[in-house]
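**Student:** show me the folded form of this:
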Amino acid sequence: MFKVMMTLIRGRSHEAAEALADRHALTILDQQMRDAAAGLDLARRALAVAIASDLTEAKRIATAEKRIADLEERAMAALQGGREDLASQAAEAIASLEADRMSGCEARKAFATEISRLKRDVAGAEGRFADLERGRRIARAVEAVRRLRNGPAGQPASDGALAEAEATLGRLRAKQAESEAAANALEALNSAALSTNIAEVLAVAGFGAKTRPGADDILNRLKMRAAASRMAG
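**Tutor:** Numbering: from 1, shown residues only. Model prediction:
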């Protein structure tokens, strides 16, 4: 049972680690890209150092060859002048210079091999890094779109905000329509009241029929009803 529990704990730890890595994949990728960029920079520096060292050896070889040529010419002149002792000293110097030249040539062969390898490695690393950089940009764009479109439950994250905005706009439009209707109704009432008031003023002045019955009209109507009731009785 203990072994099973330990296996379960390790399994859960592995799942938690994978879930954490998935949630922070872009952050992890960014750091890995920074590490890769640092490594690539070191490789480029190593290549630059190898090329610079090769150029230095080439200059040393060229200098040695010039000195060898000069000493050989002088040694020949010394032999011709009967100074074999001086020619012998020149020969020793030439031998030393030739040894240096041979050492330099061997070094250049090694540098050539190393430079060729470093160029190949750097070119390959640069290509892979460029691919990774493009992939990272695409991944960031896709992740940004996914976060914009998907909420925690996998539903479009913008739906809630859009629905709320639509509801707010609907309420605003309804209130505006209500206010407009009330304003129109008030304007109509005011127009009607103004029209009635003018008509009443004209009627009182004797121009046209009365707009509403007066006390005399009502009294006359009541008298007529009373007379009619007596006749009927």
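**Student:** in this structure, which helix or strand is least confident?
**Tutor:** For the chain, counting by mean pLDDT, DSSP states H and E, helix 2-23 ranks last in confidence among helices and strands (a mean of 53).
**Student:** give the next helix or strand downstream of that one.
**Tutor:** helix 25-80 (DSSP states H and E).
**Student:** by contact count, what packs against that next one?
**Tutor:** helix 84-149 (3 or more C-beta pairs under 8 Å, 6 or more residues apart in numbering; DSSP states H and E). All C-beta atoms are positioned from the backbone trio N, CA, C, and that covers glycine.
**Student:** quick one: low-confidence residue ranges for this structure.
**Tutor:** Applying pLDDT under 70 to the chain flags residues 1-24, 148-166, 181-223, 225-226, 230, 233.
**Student:** let's see that with 50 instead.
**Tutor:** Applying pLDDT under 50 to the chain flags the ranges 4, 8, 21, 153-154, 157.
**Student:** how is it divided into domains?
**Tutor:** What automatic domain parsing lists as the domains of the chain is 2-149, 170-232.
**Student:** which ones are touching the closest residue to Leu79 other than its chain neighbours?
**Tutor:** What sits nearest to Leu79 in space, not counting adjacent residues and going by C-beta to C-beta, 6 or more residues apart in numbering, is Ala87, at 4.7 Å. By C-beta atoms under 8 Å, 6 or more residues apart in numbering, the residues touching Ala87 are 75-76, 78-79.
**Student:** hmm, 7 Å instead?
**Tutor:** Ala87 sits next to 75, 78-79 when contact means C-beta atoms under 7 Å, 6 or more residues apart in numbering.
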